[in-house]
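A.B. asks: Following is a predicted model, sequence given first.
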Amino acid sequence: MDAKEQAEGERRVKEQLKRLGLAKPSSLTVAQFDAMVADLSGKLAYMSPLNLQALAEQVANMPGGKERDRFPIAAKILGWAAEIQPPADDASPLFRAVFAHALGQRALVEGWAPELLGELRRARVWPRDYDLRLVQERAAEARRRIARLNEQLRRGDVLSSQDRTFRQRRDQAGGQMPTHCGPGSGDLGMKDFVVIVAPDGAARLEAEAARVAVAKARGAVPEECGDAIPNAPARGAFRVFQPTRLYPDGGDGYVAKPAGYRGRSAIQRADVFDRMAASSARSKKLMPLTPAQVAMGRHYRDLVERHACAGLKCSSIEAIRSGGSGRGGDFMDAVLRDREEIERLRLRIGTRSAMVVRRIRPSKRRSRTSIRDRRLVDMVCLEDLGVTEALKAHGWSVYGLTVQAASKALGQALERMSSR
């Protein structure tokens, strides 16, 4: 819709609203009512004259106010208009904003834009994290089905009417993407990206090369680590450190000196505790866990992993814990000692929820599910999930109060594990 059509549509809406002869809502001032009419005129300009007349008739038959002589609120009018004539995707500010956002651009790149578009048409609200997980699951299933149908076509098989309908609908959804939406500002033109949506929902961007370069840069190894470590974007976050060893100082003591190969630094994959520390440093806040608590969390993780792989080929428990005597009992003794220590640590954790967690009412955390200390420790230490991810997994709202309470409960549990 160009500027001329938009202006003509707004004029039609204003004329229809004035003809109703309804008074303004009692809760609005004259200026607020004029602003509401102007906003409605802009949002309903897409409606055809016939559908606009139908909407005006419905508004006249369902007025607001005690005396039934006032305009309904704008939300009701917009809802009725969507039922009579749903706005086109490119006419909806919500659709344009979503696909101009990084969320929409990621959906286009990763191939779940048609399902995101369908979710927006259904709910007409900004998608939440839970909605996005469902959308991505539906998209993954749709891509698998498309791949199976493509394989059938390559073999020369004939698709059923249901499969043909599915392909046609997905083709139509792919062709209806709001491709004019560029990321960033309110200028939703084609100058930033040109999107080509394929029938299987995949999308290619002119900026794809830049995106790949950014991904490669994330996996680049610093120069001080040398060239023997390959660049690997899939490695994820890592930290750089300088290996050290104790060397004789010429007397009776020892001194710590760098021991990296050829003086190089090394890298280590960042775990959840490294990410916590980095996040705290970025926000210029204190780390929620003490070094002793972090050390206990890592000890518990290593202990459980070592016990879980006991007896497997290439596991190191035999070499580390058996003492190398060659007696079969030493290996089993090591496994049993690990199991006893794990049980002892879990008894210290307990099976209940911390008081700081129980004090948060369900109305504030938006969930009736409590988070038990043992589950919180296992999610963070064993599953490498952050505190916010643990809250989301239990359906809790994530904000300052809940994050602080869960972090404090985690620290208390790790402190109990360290006690003797």
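C.D. replies: On my side now, so go ahead.

A.B. asks: Relative to residue 98, how far out is residue 104?
C.D. replies: To residue 98, residue 104 is 5 Å away according to C-beta to C-beta, to the nearest Å. From N, CA and C alone the C-beta is placed, and that goes for glycine too.

A.B. asks: Would you check that residue 64 makes contact with residue 24?
C.D. replies: No. Using C-beta atoms under 8 Å, residue 64 is not in contact with residue 24, being 10.1 Å away.

A.B. asks: Mutual contacts of these two, please.
C.D. replies: Both residue 64 and residue 24 are contacted by 70, 71, under the criterion C-beta atoms under 8 Å, 6 or more residues apart in numbering.

A.B. asks: on that earlier part again, identify the contacts common to residue 104 and residue 98.
C.D. replies: Shared contacts of residue 104 and residue 98 (C-beta under 8 Å, 6+ apart): residue 116.

A.B. asks: other SSEs contacting the helix or strand where residue 295 lies?
C.D. replies: With secondary structure defined by DSSP states H and E, residue 295 is part of helix 291-308. Using 3 or more C-beta pairs under 8 Å, 6 or more residues apart in numbering; DSSP states H and E as the contact criterion, the elements in contact with helix 291-308 are helix 272-282, helix 317-321, helix 328-349, helix 400-418.

A.B. asks: Please work out which residues outside it touch it.
C.D. replies: By C-beta under 8 Å, 6+ apart, helix 291-308 touches 271, 273, 289, 315-317, 320, 335, 338-339, 341-342, 345, 377, 380-382, 411, 414-415, 417-418.

A.B. asks: any idea how far it is from the chain center?
C.D. replies: Computed by C-alpha atoms, centre = their mean, to the nearest Å, the chain-centroid distance of helix 291-308 equals 28 Å.

A.B. asks: Just the pLDDT at residue 390, thanks.
C.D. replies: At residue 390, the model reports a pLDDT of 92.

A.B. asks: Can you give me the domain assignment for the protein?
C.D. replies: What automatic domain parsing lists as the domains of the chain is 3-87, 91-210, 236-270, 286-418.

A.B. asks: Touching stretch 260-275 from outside, list them.
C.D. replies: 221-222, 224-226, 228-229, 235-243, 278, 289, 294, 297-298, 301, 380-381, 384-386.

A.B. asks: Can you flag the buried ones in the residues you listed?
C.D. replies: Taking 16 or more other C-beta atoms under 10 Å as the criterion, what is buried in the contacts of stretch 260-275 is 221, 225, 238, 289, 294, 297, 301, 380, 381, 385, 386.

A.B. asks: The nearest residue to residue 45 once chain neighbours are set aside and residue 16, how far apart?
C.D. replies: Of all residues not flanking residue 45 in the chain, residue 9 sits nearest, at 2.8 Å (C-beta to C-beta, 6 or more residues apart in numbering). Residue 9 sits 11 Å away from residue 16, going by C-beta to C-beta.

A.B. asks: before we move on, what about residue 367?
C.D. replies: Counting by C-beta to C-beta, the gap from residue 367 to residue 16 is 46 Å.

A.B. asks: Residue 129 contacts residue 392, doesn't it?
C.D. replies: Yes. Between residue 129 and residue 392 there is a contact under C-beta under 8 Å: 6.6 Å.

A.B. asks: Residue 142 - that's part of a strand, no?
C.D. replies: No. According to DSSP: H, G, I helix; E, B strand; the rest coil, residue 142 belongs to no strand; its state is helix.

A.B. asks: circling back: can you name the residues that contact the residue nearest to residue 45?
C.D. replies: With C-beta under 8 Å, 6+ apart, residue 9 has these contacts: 1, 41, 44, 45, 46, 47.

A.B. asks: Just flag the most distant two among those.
C.D. replies: Greatest spatial distance in these: 1 and 41, 13.4 Å, computed using C-beta to C-beta.

A.B. asks: Which one's more surrounded, these two?
C.D. replies: Remark: of residue 1 and residue 41, residue 41 carries more neighbours, 20 against 13, as counted by other C-beta atoms under 10 Å.

A.B. asks: Which of the helices or strands spans that one?
C.D. replies: Using DSSP H and E, residue 41 falls in helix 30-43.

A.B. asks: Against which helices or strands is that helix packed?
C.D. replies: Packed next to helix 30-43, using 3+ C-beta pairs under 8 Å, 6+ apart, are helix 3-19, helix 74-84.
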